[in-house]
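Visitor: I would like the atomic coordinates for the input below:
(3 chains)
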Amino acid sequence: MSYLKVLRAKAGYGRKKVIEGLNFQAEKGKITLVVGPNGSGKSTLAMIIAGLLRLSEGSILLNGEDITHLVAEERARRGISLVPERRHLFSEMSVKENLLMGGIYLPTLQVEKEIKKVYRLFPVLKMRTHQIAGTLSGGEQQMLTIARALICNPEVLILDEPCRGISYKLIEKILRVLLYLKEKGTTIILIEQNAEVMEIADYAYAMQVGRVIARGKPQKVLSQKNIKTLFFE
Amino acid sequence: MIKKGMVVFTVIFWILVLGSLQMAFSQKSEQEVVKIGCLFALSGPARHIGVPSKYVALMAKEYFEEKGGIEGKEIKLIFADTKGESSVALREFERLVNEEKVCAIIGPTRTGTAVALFSKIEAAKIPVVMCVGGTPPVVPTKRWIFKTPQKTITAVEKICGYLKERGIDKVAIITSQDAFGAEGKKDLEEVMQKENIQIVAKESFGTKDIDMTIQLRKLIVTEAQAIICWTIGPAGATVAKNFKSLGAKQILIQCHGLPDPEYLELAGEAANGTIMPSTKTVVAQQLREDDPQREVVQNFVKKYEEEYGPVSTHSGYAWDAFMILANAIKKAGTDPAKIREAIEETKGYIGVSGIYNMSADDHCGLGVDSLVMVTVENGKWKLIK
Amino acid sequence: MIFVDIFIHGLGWASIYAVIAVGFSLIFSASKVINLCQGEFVILGGLIGVALYSIKIPLLFIPLLSALVVGIVGITLERIAISPAKKASPTALIIITIALSIILKSTANLIWGSRSYKLPSFFRKDFINLTNITMDPQYLLIMGICAISIIILTLFLRRTRWGRSLRACSMDPIGARIVGVSPEKMRSISFCISAGLSGMIGTLIAPIFFINSDYGLNLGLKGFCAAILGGMGNIPGAIAGGFIIGLSETMGAFLFSTYKDIVAPLLMIIVLYMRPRGIMGGRD
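Guide: Model (predicted):
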């Protein structure tokens, strides 16, 4: 059964509609990949799921419950966690404080426990615990963004191009973390332009100008001719 | 439903009955009524002065009529509210003159509104007795305008006399940056120079300032033996308080605008020891037996305090304005030009705020003897000597 | 000796301006609203203090109680006037706060009239003498309480959940929403704290300077200048700005009392020319 569902969604900025009549679903404990060229509406999909952008039509269901009218902060509390493309870290706070913010509505003891867990996943952050986030390197900032999203033990984790502009080594590390989370039963939505990460996905969507143009097993979707020309020419 | 209808009907019925009664009444007494306009700030920022003025005027009217009034005539006070604004004052003045057809006017309350009315009054040829503190209504003399409060220069001369008596020849002054303070400063400079008292330092403060410590700190280290402050309202209390907190050795002299219960309340302990000229109202019980105003002032203060509580130096001005006007009407009838002449001829009228001797050059008519020097002791006014 | 006197006096005013400026900066950093009724909050605090004193509440509790009441007023105004204006531009929000300040002032005028009120001094003596320096002990109290409240505020911002959320909102509102912090709620809290602090200041200055519904604008403007001087939204900057304005204004009053009131705006303009983001705001 699908855990998160987006039905006939329509959204955009002002009069310009970026997404129209979009259907999307992600299953529990699975990694759902969304690919598409620039401007295809992938990031907009991430934003409507996280609640940063309101739908003008359609609805969003989480575990069968309609969450269309909840604002971003309420959805965060329901366990939808976003790793945004632009990171949105608290740049003047330390690494530790950023992580504390990740669990802002959890009891202190639990937050401390979760921080220890993410430090095990990303030992670099532990070394930098008192450093100001704005002064970290790009790769470290990306790790911190993911770590912050993990503190609240999310049910649904949305990652918007997490592998952009970072080293190959780090990409591998991030993918390992995602597989670990998948084991734990987290619903993961991975938005990517990069074809290298596709092998870890269980299901894939291909998008173009605000619509889904193909869906199914990643290998099958990506081997379709029209998609190949979109990505690999 | 029926009940409601009954109520409405009853109300309309009584309105009609009362209305017709009033009409009959006013028509009957048309010829015998003398209408005097009262232009006070009954609302707005100056209402704490305007509202008591209204009651004082009514009180004076009652007193005047007890003493016989004007034979065969009934005085009617028509009140109008300036709201302390010049534009409203102009409109209300027109209404009093053109619609109510008053033969003379008392008021307004604030100097600013008074100045705005000057040309209108001169054009309307209606005598007006003002109760405002500022000097502009009577300097230079205007044909139709009079006022009952002392001129600034009278208060300055009173202070000067006090300084000479005490052998003080060096003073420092601190004045507010509004018209009232500027006038005080100008007169102080003029009179002090004439009387050979040296002003060793001058400071000023804005009307909305809430702290004058720094200016005072500068003044108290000069050779001045006394510091004279010229302002009205809460600023005077602030000066007293700041002055006290500096532990200065000089004496602080305030202007004639401050003897007011508000000053005692705000300045609290800091008011003790400050000295200022005042009308005799605040020290009515301490006046000497042979003071010609004694009886008038005591009688007024008794009436006033029964109704409104502590009297201030300003309380009597509306009383005197009414009495001067009423006496003039008694003498000259209701023709405005004749009333004006009669007011100008007022001589030796013993009022609450002083003994008035008007003339063609002096439309105030109060001399230095109308003021006394008072100080504050344990939060109460005390007459000096 | 006179300079020491004036300096101490200036410090008193400096701490008053610093706290008002911190109020401006706190609201601005949490919500990008420039709240121009800070000065009215000060006056309201003083007047409520007077009212509380008149019903025989001990003087010692009055600053805190008054802060509480004004804090509630602040949060209420934010809820009913700022919050519904979801699509308003920053300029429109400033105009709303100006309207609020006029409403507050007129309401105060209706309830308390245009006269001045005072609270009795917190101390028995009107002045104390410390080796040739004479001063009102209330100044020391003002400085002390201002310092303490700024320290408490800093600890609140650094150590507590709400404080951290407030800072998070000021750094990255979207980031804050992603982790579950509502910027709306943080704006309410910032209004509450700023109004409360201003209200407390009102009760502290009431014994020396009296409280009149007319004084708000002037106090608010000085605090505003201090906040701009330090870089709007920057709390250490606001404190520094408060000190610069307070001290230079007292010096100004000493050197040329007539022009005292132009010192604060003049300084603000000069600083804005040289460093458009304020002294602590870094260069553009």
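Visitor: all contacts plus neighbour counts: C-alpha atoms, from now on.
Guide: Noted.
Visitor: In the stretch 101-250 of chain B, mark out all the helices, start to finish.
Guide: B:111-124, B:152-165, B:179-194, B:213-220, B:234-245 (DSSP state H, counting those that start in this stretch).
Visitor: Check chain A too.
Guide: With helices called from DSSP state H, chain A shows them at A:42-50, A:72-77, A:95-102, A:108-121, A:123-127, A:138-150, A:168-183, A:218-223, A:225-231.
Visitor: Same check on the stretch 251-385 of chain B?
Guide: Using DSSP H, counting those that start in this stretch, helices in the stretch 251-385 of chain B cover B:261-267, B:294-308, B:317-332, B:336-344.
Visitor: looking at those helices, which is closest to C:Ile27?
Guide: helix B:261-267 (34.2 Å; CA to CA).
Visitor: For that closest one, give me every contacting residue.
Guide: B:233-234, B:236-238, B:240-241, B:271, B:310-312, B:379-380, C:116-118, C:210 (CA atoms under 8 Å, 6 or more residues apart in numbering or on different chains).
Visitor: Name only those of these that count as buried.
Guide: B:234, B:236-238, B:240-241, B:271, B:310-312, B:379, C:116-118, C:210 (16 or more other CA atoms under 10 Å in any protein chain shown).
Visitor: just curious, which of these is nearest to chain A?
Guide: C:Phe210 (41.5 Å; CA to the nearest CA).
Visitor: For the stretch 151-284 of chain C, give the residue positioned nearest to chain A.
Guide: Closest point on the stretch 151-284 of chain C to chain A, by CA to the nearest CA, is C:Gly180, at 3.8 Å.
Visitor: can you pull the pLDDT of the residue nearest to that residue when sequence neighbours are not counted?
Guide: Among residues not flanking C:Gly180 along the chain, A:Glu73 sits closest, at 3.8 Å (CA to CA, 6 or more residues apart in numbering or on different chains). pLDDT recorded at A:Glu73 is 93.
Visitor: Quick check: residues of chain A near chain C?
Guide: A:50, A:52, A:72-77, A:81-82, A:87-92, A:101-105, A:149 (CA under 8 Å from any CA of the partner chain).
Visitor: returning to that earlier point: and chain A, which of the contacts of helix B:261-267 reach it?
Guide: Okay, of those, nothing touches chain A (CA under 8 Å from any CA).
Visitor: near chain C, which residues of chain B show up?
Guide: Near chain C, when you scan chain B using CA under 8 Å from any CA, you find B:45, B:177, B:203-206, B:208, B:210-211, B:214-215, B:217-218, B:234, B:238, B:241-242, B:244-247, B:266.
Visitor: Thought C:Phe41 was touching C:Leu217, still the case?
Guide: No. Contact criterion CA atoms under 8 Å: C:Leu217 and C:Phe41 do not qualify, at 10.2 Å.
Visitor: neighbour count winner among the two?
Guide: Taking other CA atoms under 10 Å in any protein chain shown, C:Leu217 and C:Phe41 do not tie; C:Phe41 has more neighbours (31 against 21).
Visitor: ok, the more buried one - contacts?
Guide: With CA under 8 Å, 6+ apart, C:Phe41 has these contacts: C:70, C:74, C:195-196, C:198-199, C:202, C:216.
Visitor: Just give me the closest of these to chain B.
Guide: Nearest to chain B among the contacts of C:Phe41, with distances taken as CA to the nearest CA, is C:Gly216, at 9.9 Å.
Visitor: Pull the contacting residues for the closest one.
Guide: Counted by CA under 8 Å, 6+ apart, C:Gly216 has contacts C:38-43, C:105.
Visitor: can you do 7 Å?
Guide: C:39-40, C:42-43 (CA atoms under 7 Å, 6 or more residues apart in numbering or on different chains).
Visitor: now do B:Tyr356
Guide: Applying CA under 7 Å, 6+ apart, the residues contacting B:Tyr356 are B:346-350, B:365-366.
Visitor: Now do the phi/psi pair for the nearest residue to it once chain neighbours are set aside.
Guide: Nearest non-adjacent residue to B:Tyr356, counting by CA to CA, 6+ apart: B:Gly365, 4.8 Å away. Main-chain dihedrals, B:Gly365, degrees, to the nearest 10: phi 80, psi 10.
Visitor: Go ahead and confirm B:Gly365 touches B:Gly351.
Guide: No. Contact criterion CA atoms under 7 Å: B:Gly365 and B:Gly351 do not qualify, at 11.2 Å.
Visitor: Mind checking which of the two has more residues around it?
Guide: B:Gly365 (26 against 23).
Visitor: And the strands in chain B?
Guide: B:33-40, B:74-81, B:104-106, B:128-130, B:145-147, B:170-176, B:198-205, B:226-230, B:251-253, B:275-278, B:349-350, B:355-356, B:372-377, B:380-383 (DSSP state E).
Visitor: Run through the residues that contact residue 67.
Guide: This is for chain A. A:60-61.
Visitor: my bad, chain C
Guide: Contacts of C:Ala67 (CA under 7 Å, 6+ apart): C:45, C:196-197, C:199-200.
Visitor: try 10 Å
Guide: C:Ala67 makes contact with C:41-42, C:44-46, C:48-49, C:73, C:192-203, according to CA atoms under 10 Å, 6 or more residues apart in numbering or on different chains.
Visitor: ok, back up a step: report the buried members of the contacts of B:Tyr356.
Guide: Looks like the contacts of B:Tyr356 have B:346, B:349-350, B:365-366 buried, using 16+ other CA under 10 Å.
Visitor: nearest to B:Ala182, of these?
Guide: Distances from B:Ala182 to these, taken by CA to CA, are shortest for B:Leu366, at 21.6 Å.
Visitor: tell me the pLDDT at the closest one?
Guide: B:Leu366 is given a pLDDT of 94.
Visitor: Any stretches of the chain with poor pLDDT?
Guide: Unless you meant another one, I'm taking chain A. A:1, A:194-195, A:228-233 (pLDDT under 70).
Visitor: let's do chain B instead
Guide: Short version for chain B, where the test is pLDDT under 70: B:1-7, B:9-11, B:13-31.
Visitor: Closest residue of it to chain C?
Guide: Counting by CA to the nearest CA, chain B gets nearest chain C through B:Ser245, at 4.7 Å.
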